[in-house]
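K.L.:
Turn this into a structure:
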Amino acid sequence: MTGPRRDPDGELRARLREAAGVHRPDRARILARVERGRAAEDQGAARPRLPDWVRVAGATAAVAGVLVAGGCAVASVVRDDAPARHPVAAPPGSRETGSREAGPLWSRGAVDPHSNEFWAQSNITLGTSTALTALTVELRVAQTGSVTSTGAWRSLPADDFTFTLDERDGFLVYRWTLKEGRTVPAGEWVFAGQYNHGRGGRDAGGDRYSAAATAASGPLAVRGGFTPGG
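P.N.:
Residues are numbered from 1 along each chain as shown. Down below sits the predicted model:
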């Protein structure tokens with residue numbers, strides 16, 4: 001013989017009904033929870049919650065702002081420590097002087113734009129439409145205060161020239177002389193003298209240059225100066 005069949009689902013429902021009958025809600029706790037919910041809603045209305053992407057973007061912008069501010073401070077220190085690059089002569093376009101004759105030889109003088117408040121380079125550009133069998137180029141840099149040579153160069157081969165540097169009559173004198181048997185072909189050529197000077201924008205108004213040459217047509221000569229600094 002078998003006993004009566006059990007009904008698990010029925011027993012579970014019966015126990016739930018019994019528990020529900022015994023349970024008494026804590027009204028005070030429920031009311032407190034409702035009040036807290038309302039307060040949170042009021043704060044949310046005054047300051048709405050931002051989407052996640054906005055908060056991430058804001059944090060990124062804040063970090064970027066700190067980096068930018070730090071970069072500006074570093075850049076300021078570097079600028080203060082580094083020497084300012086002041087014009088040594090007049091602004092570009094007005095600091096070249098020289099001569100361009102109807103003949104085969106012409107020239108112009110310019111303070112190099114890369115010069116700064118401690119150092120400068122004076123450029124002489126010499127142009128010829130015919131070969132030269134003799135040439136002497138002289139650059140005279142006025143002693144305006146602490147002027148000392150730091151070198152010289154030319155765009156023609158160094159072995160074709162004898163170079164000398166002297167200081168006399170208040171000038172640094174750079175001189176390039178074409179060696180015997182060498183020639184200068186037609187074209188434009190640069191002769192440059194470099195020098196340190198006292199701090200500040202140096203006035204090149206007292207500087208000058210000259211060039212004497214010989215071509216098949218006979219002797220040639222040009223000379224010029226450098227526009228004073230503004």
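K.L.:
Beta-bridge partners for residue 212, please?
P.N.:
Under DSSP bridges, the beta-bridge partners of residue 212 are residue 136, residue 221.
K.L.:
That one: neighbouring residues, count only.
P.N.:
By other Cβ atoms under 10 Å, 16 other residues sit near residue 212. Quick note: C-beta positions are derived from backbone N, CA and C, even for glycine.
K.L.:
How about residue 107?
P.N.:
By other Cβ under 10 Å, the residues close to residue 107 number 26.
K.L.:
ok, it touching residue 123?
P.N.:
No: using Cβ atoms under 8 Å, residue 107 is not in contact with residue 123, being 10.6 Å away.
K.L.:
Could you tell me which residues touch both of these two?
P.N.:
Common contacts of residue 107 and residue 123 (Cβ atoms under 8 Å, 6 or more residues apart in numbering): none found.
K.L.:
give me the low-pLDDT residue ranges for this structure?
P.N.:
The model of the chain has pLDDT under 70 over residues 1-10, 12-14, 16-100, 102, 227-230.
K.L.:
Could you chop it up by domain?
P.N.:
Listed by automatic domain parsing, the domain ranges of the chain are 27-81, 97-225.
K.L.:
Distance check, the nearest residue in space to residue 204 that is not next to it in sequence against residue 179.
P.N.:
For residue 204, ignoring the flanking residues on the chain, the nearest one in space by Cβ to Cβ, 6 or more residues apart in numbering is residue 226 at 4.0 Å. Here the criterion is Cβ to Cβ, to the nearest Å. By it, residue 226 lies 28 Å from residue 179.
K.L.:
which one of those two has more residues nearby?
P.N.:
It is residue 226, of residue 226 and residue 179, that has more neighbours when counted by other Cβ under 10 Å, with 29 against 11.
K.L.:
Touching, the more buried one and residue 193? I think so.
P.N.:
No: look at residue 226 against residue 193 with Cβ under 8 Å: they stay out of range, at 11.3 Å.
K.L.:
So for these two, which residues contact both of them?
P.N.:
Listed as contacting both residue 226 and residue 193 by Cβ under 8 Å, 6+ apart are residue 122.
K.L.:
burial measure for residue 159, as a count.
P.N.:
Neighbour tally, residue 159, other Cβ under 10 Å: 8.
K.L.:
Wait, a helix at it?
P.N.:
Yes: according to DSSP: H, G, I helix; E, B strand; the rest coil, residue 159 belongs to a helix.
K.L.:
Tell me where this structure has strands.
P.N.:
Applying DSSP state E to the chain gives strands spanning 97-100, 105-111, 119-128, 132-142, 148-154, 161-168, 171-178, 187-196, 208-215, 218-225.
K.L.:
and the direction of the longest one versus that of strand 148-154, what angle?
P.N.:
An angle of 160 degrees separates the directions of strand 132-142 and strand 148-154 when computed by axes from the mean of the first three to the mean of the last three Cα atoms, to 10 degrees.
K.L.:
Good, wrapping up.
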